[in-house]
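K.L.:
Mind folding the following:
(2 chains)
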Amino acid sequence: NAGVTQTPKFRILKIGQSMTLQCTQDMNHNYMYWYRQDPGMGLKLIYYSVGAGITDKGEVPNGYNVSRSTTEDFPLRLELAAPSQTSVYFCASKQQGYGYTFGSGTRLTVV
Amino acid sequence: GQQLNQSPQSMFIQEGEDVSMNCTSSSIFNTWLWYKQDPGEGPVLLIALYKAGELTSNGRLTAQFGITRKDSFLNISASIPSDVGIYFCAGQLRGGGADGLTFGKGTHLIIQP
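P.N.:
Residues are numbered from 1 along each chain as shown, chains lettered A, B, ... in the order given. Here you go, the predicted structure:
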């Protein structure tokens, strides 16, 4: 039982490049989330999904896109990377009424 | 968006000391959660609180959900070296938590030998 798996663990992007951060969970959780964490700050919600085919914006969605074609996968897409998107990205999942399980994060640097 | 004020920002303590940290909010939350984050890892849930006034323990950790539903505190008794890390409070506005958590900025706990 792997829980929440994020890939890659580290990535360096040039300004204007695009990339997809992968997140998959094997717990059959309906709810999935993407957060970003900046130095000295708590996590901020980017996007979330309450089930396959349903996504919604969180607090800081600008510059990102998501999709949820299956229960297991919730990829986060950056289309035109900017230095302000340098951060650590965490994916999480939960089932209604239960706690969140977080992945170990993707550290992204945009130069 | 919602704001959680977590204090203190950092703590430097001796091994064996007790620790106390708290979170306050201008909004009412239905659930309060406390997480610990180790370097290079995601947050791990320590304690979840679901009712105003609730006091819950997990080993040496004790947390309370404030009566006003706008605050929570976490105590750690007899600290040990593995307690080092960043502690986050998080609030959940709605039951079920479909729309995610609001996090405090964290309390960085450092234990001096």
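K.L.:
Report how many residues lie close to residue B:18.
P.N.:
Other residues lying near residue B:18 total 11 when counted by other CB atoms under 10 Å in any protein chain shown. Placement of C-beta: from N, CA and C, glycine included.
K.L.:
That one contacts residue B:74, doesn't it?
P.N.:
No - counting by CB atoms under 8 Å, residue B:74 is not a contact partner of residue B:18; they are 11.3 Å apart.
K.L.:
which residues does the residue sitting nearest the centre point of chain A contact?
P.N.:
Central residue of chain A (CA atoms, centre = their mean): residue A:34, 3.2 Å from the mean position. Counting by CB atoms under 8 Å, 6 or more residues apart in numbering or on different chains, residue A:34 touches A:21, A:23, A:45-48, A:58, A:64, A:66, A:74, A:76, A:89-91.
K.L.:
do the helix or strand bottoming out on mean pLDDT in chain B and chain A meet?
P.N.:
Scoring the helices and strands of chain B by mean pLDDT, DSSP states H and E places strand B:102-103 at the bottom, with a mean of 90. Yes - against chain A, strand B:102-103 shows contacts by CB under 8 Å from any CB of the partner chain at B:102-103.
K.L.:
Show me what that strand pairs with in its sheet, parallel or antiparallel.
P.N.:
strand B:85-92 (antiparallel) (DSSP bridges).
K.L.:
can you list contacts of the partner strand?
P.N.:
A:42-43, B:2, B:4, B:6, B:21-23, B:25, B:27, B:29-39, B:43, B:46, B:72, B:74, B:100-104, B:106-109.
K.L.:
Strands - which of these land there?
P.N.:
A:43, B:4, B:6, B:21-23, B:25, B:31-37, B:46, B:72, B:74, B:102-103, B:107-109 (DSSP state E).
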